[in-house]
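*Asks:* okay, sequence plus prediction incoming.
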Amino acid sequence: MISRWIDRHEKHIFPLPAVIFIILMMVFPLGYTVWNSLTNWTLTSKAPTEFIGMTNYIELFTKDERFIQSVWRTFYFTGGSLIIQVTLGVASGILIDAKKYPGKRIVNSILLLPMMATPVAIAMVWLLILEPTTGVMNYLLKQVGLPISKWLSSTSTVIPSLILIDSWEWTPLITLITLAGLATLPTDPYESAIVDGANTFQTIWHITLPMLRPTIAIGALLRFIDCFKTFDIIYSTTGGGPGYSSETLNIYTYQNSFYYFKFGYASSMLVIFFAIVLGTVLFVTYTRKRLEV
Amino acid sequence: MAAKKTSMYRTQRRIFSVLYFVAIFILLVIFLSPFLWMVYCSFKTPIELSKLPVNWLKGLTMDNYQKVFVQQNFFKFIKNSVIVAAGSTFFGLLIGLPASYSIARHGQKKLSMLILTSRNCLESHFYCHSTSCSAN
């Protein structure tokens, strides 16, 4: 009797726990954050927590130079990482897929290693490698005769260095997604390309890349969201420094909540953060649908 | 004439294949070397670590490992990580498997979109929420 009822309503019962979980874990914290963002809740002040309306937001956009800087920096970091990771990831995916040879599986799993390592460990290694005076990177550059850099210790090179670390860690994800996409491509366009006498580069440019476009778009979107939220690498290498020069939105929010204990203020930053990510995701999903249908 | 052409084609293919493996090798070096460097550094004494050029055989030691496991009680951290990983996998599967079955079986596209987007939004809010919890 009960099992028959379950059979009939399987469609609604099975996803129910997941839906309840998501609603509890998303709607409540989100609502609570939005509410907090409208108050002046600060742990270090004796003043009672009060509802102050949009004051936090107004302060963020009109007075807080550090916030606006951190927004641009976040876009700089995200844009740089995305361009490098998508280009290199797709290129290496196509490269790996192009040929079969013994030991290929081992090579592939080695290439995917960075993605599986702990971000904090990765940050430590790169900190060692990129250390300006005792690091190997500068030593190697000097040996080859290339100009050395201050990497993470200079305000002008810190973001590019972080982009380098992030790209090292996450390019393999794009490679993996590209490989998965390549495996699903039909073979007949390639056969006709051979018959038509297209060379390798023409085949890649006119057949592989256009057919891969949806796959690349999904990979780029995933990376965009994660790059935008990057915290672990930045925090464990520079902690936002030198000065404030690598302080992204996420780091600045963290500083505000855990160092200055301004929970209301930090919440309003999170709401803006959330709005940017959600806005971009919706925009990309919408334009993708319009372009492809 | 034809024979010449095929032999040219063959050399061309050979060059391509050499270039291909050079490219794969470069990729391997890029992605593997920081790992190897990390492993190598783990066997070095702190003083020897900052000396350049690298003296490959000098200052090798197992002290770091001894410190990690004896003084730092690393087994406890490993245990904690295993508990967190196993627990979250278990509950993730418990909640996620029925939902994914249902999505695949009945083609509930909207539901899958909801779950995907929430996964992306969740993280940053989790940490704000945990902030609030720890503050209380």
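*Replies:* The structure has been received and is ready for your questions.
*Asks:* hmm, residue A:220 and residue A:288 touching each other?
*Replies:* No. Using C-beta atoms under 8 Å as the test, residue A:288 is too far from residue A:220 to be in contact (10.7 Å). Where you see a C-beta, it was placed from the backbone N, CA and C, and this is true even at glycine.
*Asks:* more neighbours: which of those two?
*Replies:* residue A:220 (20 against 15; other C-beta atoms under 10 Å in any protein chain shown).
*Asks:* make sure the more buried one is indeed in a strand.
*Replies:* No. Applying DSSP: H, G, I helix; E, B strand; the rest coil, one finds residue A:220 to be helix, outside a strand.
*Asks:* list the contacts for it?
*Replies:* A:82, A:86, A:174 (C-beta atoms under 8 Å, 6 or more residues apart in numbering or on different chains).
*Asks:* so residue A:14 versus residue B:104, what's the distance?
*Replies:* 10 Å (C-beta to C-beta, to the nearest Å).
*Asks:* most surrounded residue in the contacts of residue A:220?
*Replies:* residue A:174 (27 neighbours).
*Asks:* these two touch, right, that residue and residue A:85?
*Replies:* Yes. With contact defined as C-beta under 8 Å, residue A:174 counts as touching residue A:85 (5.4 Å).
*Asks:* disregarding flanking residues, what is the spatial nearest neighbour of residue A:179?
*Replies:* Nearest in space to residue A:179, with sequence neighbours left out and distances taken as C-beta to C-beta, 6 or more residues apart in numbering or on different chains, is residue A:93 at 5.1 Å.
*Asks:* burial of that neighbour, as a residue count?
*Replies:* Neighbours of residue A:93 (other C-beta under 10 Å): 27.
*Asks:* could you pull out the helices for the stretch 151-293 of chain A?
*Replies:* A:158-183, A:188-195, A:200-203, A:209-228, A:232-237, A:249-258, A:263-292 (DSSP state H, counting those that start in this stretch).
*Asks:* pretty sure residue A:178 is touching residue A:219, no?
*Replies:* Yes. With contact defined as C-beta under 8 Å, residue A:178 counts as touching residue A:219 (7.1 Å).
*Asks:* pull up the overlap in contacts between those two.
*Replies:* If you check residue A:178 and residue A:219 against C-beta under 8 Å, 6+ apart, the residues they both contact are residue A:89.
*Asks:* low-confidence ranges, chain B, go.
*Replies:* Across chain B, residues meeting the criterion (pLDDT under 70) sit at B:1-5, B:116-136.
*Asks:* ok, which stretches of it are helices?
*Replies:* All helices of chain B, identified by DSSP state H, fall at B:2-41, B:46-49, B:63-66, B:74-106, B:109-135.
*Asks:* so for the residue lying closest to residue A:204 once chain neighbours are set aside, what's the pLDDT?
*Replies:* In this structure, residue A:204 finds its nearest non-sequential neighbour in residue A:94, 6.2 Å apart by C-beta to C-beta, 6+ apart. Here, the pLDDT recorded for residue A:94 equals 89.
*Asks:* repeat for residue A:159
*Replies:* 91.
*Asks:* quick one: whichever strand or helix holds the residue nearest to residue A:204 to chain centroid distance?
*Replies:* Assigned by DSSP states H and E, residue A:94 falls within helix A:65-97. Between the centre of helix A:65-97 and the centre of its chain there are 8 Å (C-alpha atoms, centre = their mean, to the nearest Å).
*Asks:* residues of that helix that come out buried?
*Replies:* For helix A:65-97, the neighbour count (16 or more other C-beta atoms under 10 Å in any protein chain shown) marks A:67, A:70-71, A:73-74, A:77-78, A:80-82, A:84-86, A:88-97 as buried.
*Asks:* got it, and stretch A:196-215?
*Replies:* Neighbour-count burial for stretch A:196-215 [16+ other C-beta under 10 Å]: A:198, A:203, A:204, A:207, A:208, A:211, A:212, A:215.
*Asks:* before we move on, what about stretch A:99-115?
*Replies:* For stretch A:99-115, the neighbour count (16+ other C-beta under 10 Å) marks A:107, A:108, A:111, A:114 as buried.
*Asks:* chain B next: which of these are close?
*Replies:* Among those, the residues within reach of chain B (C-beta under 8 Å from any C-beta of the partner chain) are A:107, A:111, A:114.
*Asks:* can you give the distance of the host helix or strand of residue A:109 from its chain's centre?
*Replies:* Secondary structure from DSSP H and E places residue A:109 in helix A:104-111. In terms of C-alpha atoms, centre = their mean, the centre of helix A:104-111 is found 24 Å from the chain centre.
*Asks:* equivalent analysis for stretch A:248-266, please.
*Replies:* Distance of stretch A:248-266 from its chain centroid, counting by C-alpha atoms, centre = their mean, is 20 Å.
*Asks:* just checking it against chain B, any contact.
*Replies:* Yes. Using C-beta under 8 Å from any C-beta, stretch A:248-266 comes into contact with chain B via A:250, A:253, A:257, A:258, A:261, A:263, A:266.
*Asks:* so which of residue A:14 and residue B:104 has more stuff around it?
*Replies:* Using other C-beta under 10 Å as the criterion, residue A:14 and residue B:104 rank with residue A:14 on top: 21 against 10.
*Asks:* for residue A:236, which non-adjacent residue is spatially closest?
*Replies:* For residue A:236, the nearest residue in space outside its immediate sequence neighbours is residue A:123; the separation is 3.9 Å by C-beta to C-beta, 6+ apart.
*Asks:* my bad, should have said residue A:244
*Replies:* Once flanking residues are discounted, residue A:244 sits nearest to residue A:66: 5.9 Å by C-beta to C-beta, 6+ apart.
*Asks:* residues making contact with stretch A:10-25?
*Replies:* So stretch A:10-25 is contacted by A:6, B:94-96, B:98-99, B:101-103, B:105-106, B:108, B:111, B:114-115, B:118, B:122, B:126 (C-beta under 8 Å, 6+ apart).
*Asks:* then stretch B:93-109?
*Replies:* With contacts defined as C-beta under 8 Å, 6+ apart, stretch B:93-109 is touched by A:10, A:11, A:13, A:14, A:15, A:17, A:18, A:19, A:21, B:111, B:112, B:115.
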